[in-house]
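[1] Structure for the following, please:
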Amino acid sequence: RNWDYRYCWLRDASLTLQALFDLGYDAEAEAFLSWLLYTTRLTRPELQIMYDVYGETRLHERELPHLAGFAGSRPVRIGNGARSQLQMDVYGEVLDAAYEFIRRGGRLDRSTARMLVDLGDTVCRRWREPDEGIWETRGGRRHHTYSKGMCWVALDRLLRLHDAKHLEAPVERYRREAAAIRADVETKGFNQRLASYVSEFGGDEVDASLLLLARYGYGDPAGPRLRGTYRCIRERLGADGLLYRYPTRTGGDGLPPGEGAFLACSFWLADNYLLQGRKTDARRLFNRLKRYANDVGLYAEEYDPLAKRLLGNFPQAFSHIALINTVLQFMQDDIRKNAKKKPRKKAVSY
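    Below you'll find the predicted structure:
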């Protein structure tokens with residue numbers, strides 16, 4: 001499972017932008033978003049899941065058999081074959097990033113507004129298709145629940161921007177398609193026996209991407225369906241206080257079975273505890289996660305609970321963005337609770 005990560009993933013970029021905005025780095029966030037929207041024009045009205053820093057889209061993958069990775073792992077690859085995958089969730093993440101920019105006072109020019117509506121039209125045209133999903137599995141396309149939910153997010157953000165007069169969208173079409181997406185997710189993406197959303201329509205497995213649904217406003221984080229999903233994810237994917245991304249024991253992802261626990265997913269669980277009002281559980285989990293950093297406070301992509309060591313790309317931006325966003329969630333929770341109280345001079349440490 002060696003992959004070439006020298007590229008910008010739209011999903012990661014969206015979460016990075018959220019952190020930059022919340023930290024007050026507005027100029028940096030606006031510059032990053034401008035690059036992101038300019039780059040995605042190269043494939044308009046479709047989105048590729050990743051681009052290099054020059055906006056290049058031809059990131060052909062090949063293996064280097066004469067090299068080995070960490071601990072002798074093979075094959076080493078350059079380029080990334082996932083570039084050609086269909087991952088419908090990225091439409092929701094890009095449009096959410098644009099929405100956050102505008103919500104905080106940013107403005108769209110006419111060309112960019114038209115491009116965003118074009119992305120919405122692509123969602124309407126393609127959301128019913130199966131895709132490879134957020135985890136870039138190589139076992140074929142399926143109807144992933146998270147991907148469908150993020151298609152709903154994409155149309156929801158465009159409808160909000162239309163209502164606020166930032167762009168002109170085909171409102172009736174978007175409302176109709178958004179309602180159809182939600183109906184499909186609620187009937188096909190929810191398993192009544194498990195009382196949980198599931199990875200794929202009609203399936204009985206879960207994956208940790210479902211923890212992001214509440215973050216993007218799909219459903220009530222304290223409602224029975226999402227609470228049941230959190231419980232199922234902890235039971236099925238939890239190990240030593242960490243979470244795996246999805247079950248890898250069968251090799252159903254088209255790759256050799258087995259990998260470490262995915263650190264970002266455990267931070268997402270802490271986020272969901274906060275959204276539910278379970279701050280004690282969130283802090284207990286967060287304090288545990290801090291122990292998995294190395295001696296200078298950095299995280300890899302994964303952690304092996306058995307061998308007690310970091311695994312995967314190091315340092316991993318995805319893990320650190322998850323860490324930052326969780327800390328920001330703690331801070332926002334404190335701000336909400338202290339809004340009517342006299343400000344304190346003592347800083348809060350996380």
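
[2] What is the burial count for residue 86?
    17 (other C-beta atoms under 10 Å). All C-beta spots, glycine's among them, are computed from the backbone N, C-alpha and C.

[3] er, residue 280 I mean
    9.

[4] would you list every one of the strands in the chain?
    8-9, 50-51, 62-64, 76-78, 190-191, 196-197, 238-239, 242-243, 261-262, 302-304, 309-311 (DSSP state E).

[5] From the contact counts, what lies against the last one?
    Okay, so that is strand 309-311. Contacts defined by 3 or more C-beta pairs under 8 Å, 6 or more residues apart in numbering; DSSP states H and E place strand 309-311 against strand 302-304.

[6] you'd agree residue 303 is up against residue 314?
    No - if you go by C-beta atoms under 8 Å, residue 303 and residue 314 don't touch, sitting 11.0 Å apart.

[7] more neighbours, these two?
    Neighbours were counted for residue 303 and for residue 314 using other C-beta under 10 Å; residue 303 has more, 24 against 14.

[8] so that one bridges to which residues?
    Counting by DSSP bridges, residue 303 forms beta bridges with residue 261, residue 310.

[9] Residue 3 contacts residue 80, correct?
    Yes - contact status for residue 3 versus residue 80: in contact at 6.3 Å, counting by C-beta under 8 Å.

[10] tell me which residues of stretch 280-300 are tucked away?
    Using 16 or more other C-beta atoms under 10 Å as the test for burial, stretch 280-300 gives 282, 285-286, 289, 292-293, 299-300.

[11] What lies in contact with that stretch?
    241-242, 263, 266-267, 269-271, 273-274, 303, 310-316, 319-320, 323, 326, 329-330, 350 (C-beta atoms under 8 Å, 6 or more residues apart in numbering).

[12] Return the subset of the residues you listed lying in helices.
    263, 266-267, 269-271, 273-274, 319-320, 323, 326, 329-330 (DSSP state H).

[13] So, low pLDDT: which residues of the protein?
    1, 56-57, 79, 81, 249-258, 335-350 (pLDDT under 70).

[14] about what we covered before: please tabulate the strands of the chain in a markdown table, including the columns distance to residue 231.
    Below are these laid out as a markdown table (distance: least, C-beta to C-beta, whole Å):
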| stretch | distance to residue 231 |
| --- | --- |
| strand 8-9 | 29 |
| strand 50-51 | 33 |
| strand 62-64 | 41 |
| strand 76-78 | 37 |
| strand 190-191 | 13 |
| strand 196-197 | 7 |
| strand 238-239 | 10 |
| strand 242-243 | 13 |
| strand 261-262 | 18 |
| strand 302-304 | 22 |
| strand 309-311 | 27 |
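
[15] of all the ones you listed, which lies closest to residue 228?
    Set against residue 228 and scored by C-beta to C-beta, the strands of the chain come closest in strand 196-197, at 4.8 Å.

[16] quick one, what contacts residue 205?
    198-199, 236, 246-247.

[17] Which two among the residues you listed are spaced furthest apart?
    The distance between the two most remote of the contacts of residue 205 (C-beta to C-beta) is 11.7 Å, for 198 and 247.
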